[in-house]
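Enquirer: next input, structure requested:
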Amino acid sequence: MKPSVRIILAAAAVAACLFIWLLSDRLAAEARREVTLNRVEAVVADSLERKFITPEDVKDWMDDYGTYMGLRLDSVDLCKVETLIDRKSAVRKSQAWLTGDGTLHISVTQREPVVRFQSRDGGGFYADRDGFLFPLQNRHTARVPIVDGDLPLHLEKGFKGEPETEAGKAWVSSVLSLVRYLESKKEWSDLVGQVTVLKGGSLVIIPRDGNERFLFGTPTDIEAKFDRIRKYYEGVAPLEQGYRTVDVRFAHQIVCKKH
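Expert: From the prediction side, this is the model:
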């Protein structure tokens, strides 16, 4: 067989395969267009660590979409699905996709709270590592440090997002610096049970055990202040009991009072 004939036959074979592939793909696409949505499969990616959201919650939220069961797959607006799920306060990000069997898949990642802010009027919010605030959840309470008292945050019930003022953002950021330090030092995370904000913004560290209240000041020079707390426990507490307040706000000073 002449080389030119072999080339022609090979080209014809390739063209035939390409035609069959295009035809089958078109037929498959047409078949997919006839498939309707008949099922929602929701997965909460990190449900073992946090229990704010359940798959049932995600399915309930889909009611906000309107009528969707029975829609042809090419009529389902996946961007709309993700947008309405992402609006929920405990949701960090969602992803939605469709499969040819008529299933809408929704994967949800929850927000990870690292601190809880509790105001005197009973309102409360979580904050994640990025300083994003979101309301407390009815279903589950996260075991994270609690900051209460005269919080310099004035937020409406149900608020979510970053504080609207630069001062609020800076304050939350400084508290998160304290939280990160506690996370990195197990001895201190085990010690600290609560942080209270006094009028004016000064912090008070309240241990899980004992009657001492450590006047901490602003969340700056954090390591140095905890070093003074360590010196109190190692050098002062064994010699003299009954101190009520221990002031570690200032360098090279530990001021103890029994009232």
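
Enquirer: help me confirm that Lys169 comes into contact with Gly161.
Expert: No. Distance between Lys169 and Gly161: 10.6 Å, which falls outside the contact criterion (Cβ atoms under 8 Å). All C-beta atoms are positioned from the backbone trio N, CA, C, and that covers glycine.

Enquirer: show me what contacts the spatially most central residue of the chain?
Expert: When Cα atoms, centre = their mean is applied to the chain, the residue found nearest the centroid is Arg111 (2.0 Å). By Cβ atoms under 8 Å, 6 or more residues apart in numbering, the contact list for Arg111 reads 50, 52, 89-92, 126, 128, 132, 134.

Enquirer: which stretches of the stretch 51-200 of the chain have low pLDDT?
Expert: Under the criterion pLDDT under 70, no range of the stretch 51-200 of the chain is flagged.

Enquirer: run through the helices of it in chain order.
Expert: Counting by DSSP state H, counting those that start in this stretch, one finds helices in the stretch 51-200 of the chain at the ranges 55-61, 78-86, 166-184, 186-191.

Enquirer: ok, Arg228 - how many residues close by?
Expert: 20 (other Cβ atoms under 10 Å).

Enquirer: mind checking what secondary structure it has?
Expert: Taken by DSSP: H, G, I helix; E, B strand; the rest coil, the conformation at Arg228 corresponds to helix.

Enquirer: what score does it have for pLDDT?
Expert: pLDDT recorded at Arg228 is 95.

Enquirer: identify the residues contacting it.
Expert: Arg228 makes contacts with 248, 253-254, as judged by Cβ under 8 Å, 6+ apart.
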